[in-house]
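> Sequence and predicted structure are below.
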Amino acid sequence: MKNEVKLYVGESLGKYGFPNGHPFGPDRQDAFWREAVKRGLDKRASISDPRLAAEEELHRFHTPKYVAWVKQKSEEGHGTIDYGDTPACPGIYEAAATVTGSALHGLDTIMSGYALRTFQPIGGLHHARPEGAAGFCVFNDVGVVIDTLRSQFGIRRIAYVDIDVHHGDGLYYPYEEDPDLIYADIHQDGRTLYPGTGHAHEIGTGKATGTKLNIPLMPGMGDAEFFKVWETVEAHLRKHRPEFILFQCGADSLAGDPLAMLQYTPAPHAHAAKRLCALANELAGGRIMGFGGGGYNRANLAAAWCGVLDEFLKA
């Protein structure tokens with residue numbers, strides 16, 4: 001197996017975003033790419049072109065009714081796809097399906113032995129549910145990857161680690177009763193931030209009790225608090241021994257993000273990436289996929305994501 005990192009960037013993937021000054025604008029990939037080129041990361045990674053997901057691939061996680069609704073709203077090009085946060089704009093179906101299709105291409109690349117790790121800055125749309133959009137997220141690319149790992153590759157025990165400032169509710173609740181989805185999420189306390197979920201007592205239900213870890217941090221907390229609780233995440237993964245790791249590294253947890261109140265520097269993102277690569281090597285045959293997630297201060301997302309990519313490349 002090649003010790004190679006596939007990086008997913010391209011014009012069609014960068015189009016995922018919303019116009020008219022929306023926080024999740026279509027300029028986010030460009031902000032990352034400029035910093036990646038400045039650091040020379042573009043010469044160290046293997047660049048892969050995005051691809052569009054087929055409808056039947058989206059149906060692995062999303063209901064056919066919802067997929068059809070997104071396509072309709074995309075063609076209409078106005079209104080909202082959810083209750084107001086996620087606008088319907090022309091081409092949003094194709095852009096969202098490209099986020100998912102690129103993730104699936106990355107998964108195929110790893111499972112076929114052409115790479116150990118992938119990084120997709122425009123991805124990790126962790127609020128979308130099987131039946132609906134939410135929080136700027138149209139299709140849940142990671143949810144489709146999880147269900148594809150199981151249905152196409154027979155891998156059941158999967159870890160999902162999320163350090164985006166917002167709780168990954170679109171992945172926690174669909175898998176809340178699933179004992180083989182090992183979940184760990186460090187985020188700003190839901191009593192102070194959207195989506196209002198991810199409380200410490202939410203640890204999974206039924207046979208999955210104890211396989212889910214939610215660590216809420218209060219506004220104003222920063223690197224010191226992150227590094228302290230990170231040890232709990234590593235212990236959680238070692239206890240449950242996943243076969244594959246998915247990492248959502250939203251940069252909206254850095255100080256200065258306009259939508260949230262945690263105070264990280266880029267250091268936690270680089271540390272999490274380094275340690276997860278080591279855990280992937282130890283537990284999962286090296287297999288890890290990284291997704292950029294949120295982040296609305298462009299300098300912050302460029303720094304955090306480039307730190308993650310650099311660690312993926314060094315692992």
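Arrived safely, thanks for sending. Numbering: from 1, shown residues only.

> Neighbours of residue 195, how many?
17 (other Cβ atoms under 10 Å). Where C-beta positions appear, they are placed from N, C-alpha and C, glycine not excepted.

> Can you tell me the element it falls in?
Using DSSP states H and E, residue 195 sits within no helix or strand.

> Not counting its neighbours along the chain, what's nearest it?
Computed as Cβ to Cβ, 6 or more residues apart in numbering, the closest residue to residue 195 that is not its neighbour in sequence is residue 169, at 4.9 Å.

> need the contact list for that neighbour.
Counting by Cβ atoms under 8 Å, 6 or more residues apart in numbering, residue 169 touches 126, 127, 129, 134, 195, 197, 198.

> Could you point out the longest helix of this structure?
Counting residues, the longest helix found in the chain (DSSP state H) is helix 92-111.

> tell me which residues of that helix are tucked away?
Within helix 92-111, the residues that count as buried by 16 or more other Cβ atoms under 10 Å are 92-107, 109-111.

> and residue 214, how far is that from residue 196?
Counting by Cβ to Cβ, to the nearest Å, the separation of residue 214 from residue 196 is 12 Å.

> do the same with residue 32
Taking Cβ to Cβ, one finds residue 32 at 29 Å from residue 196.

> neighbour-wise, which of the two wins?
Shown here are residue 32 and residue 196; by other Cβ under 10 Å, residue 32 has more neighbours (27 against 13).

> For residue 142, which non-adjacent residue is closest in space?
residue 246 (5.6 Å).

> Is the one you found located within a helix, as I assumed?
No. Counting by DSSP: H, G, I helix; E, B strand; the rest coil, residue 246 is not found in a helix; it is strand.

> Tell me where the model's unsure across the stretch 201-315 of the chain.
Within the stretch 201-315 of the chain, no stretch has pLDDT under 70.

> mind listing the helices for it?
Using DSSP state H, counting those that start in this stretch, the helices assigned to the stretch 201-315 of the chain run over residues 223-240, 267-283, 298-314.

> and the top strand by length along the chain, which strands flank it?
When the chain is parsed with DSSP state E, its longest strand is strand 181-188. Looking at strand 181-188 with DSSP bridges, its partner strands are strand 158-162 (parallel), strand 212-217 (parallel).

> who are the neighbours in contact with the residue nearest the centre of the chain?
The chain has residue 124 as the residue nearest its centroid, 2.3 Å off, counting by Cα atoms, centre = their mean. Taking Cβ under 8 Å, 6+ apart, we find residue 124 in contact with 141, 142, 162, 164, 248, 249, 250, 291, 292, 293, 294.

> now it, nearest residue through space, not along the chain?
In space, residue 124 is closest to residue 291, 3.0 Å off (Cβ to Cβ, 6+ apart).

> how many other residues sit next to that neighbour?
Residue 291, neighbours per other Cβ under 10 Å, totals 29.

> do the same with the one 3 residues further on
Around residue 294 there are 27 other residues, counting by other Cβ under 10 Å.

> how much space between it and residue 209?
On the measure of Cβ to Cβ, residue 294 and residue 209 end up 28 Å apart.

> Same check on residue 276?
Taking Cβ to Cβ, one finds residue 276 at 24 Å from residue 209.
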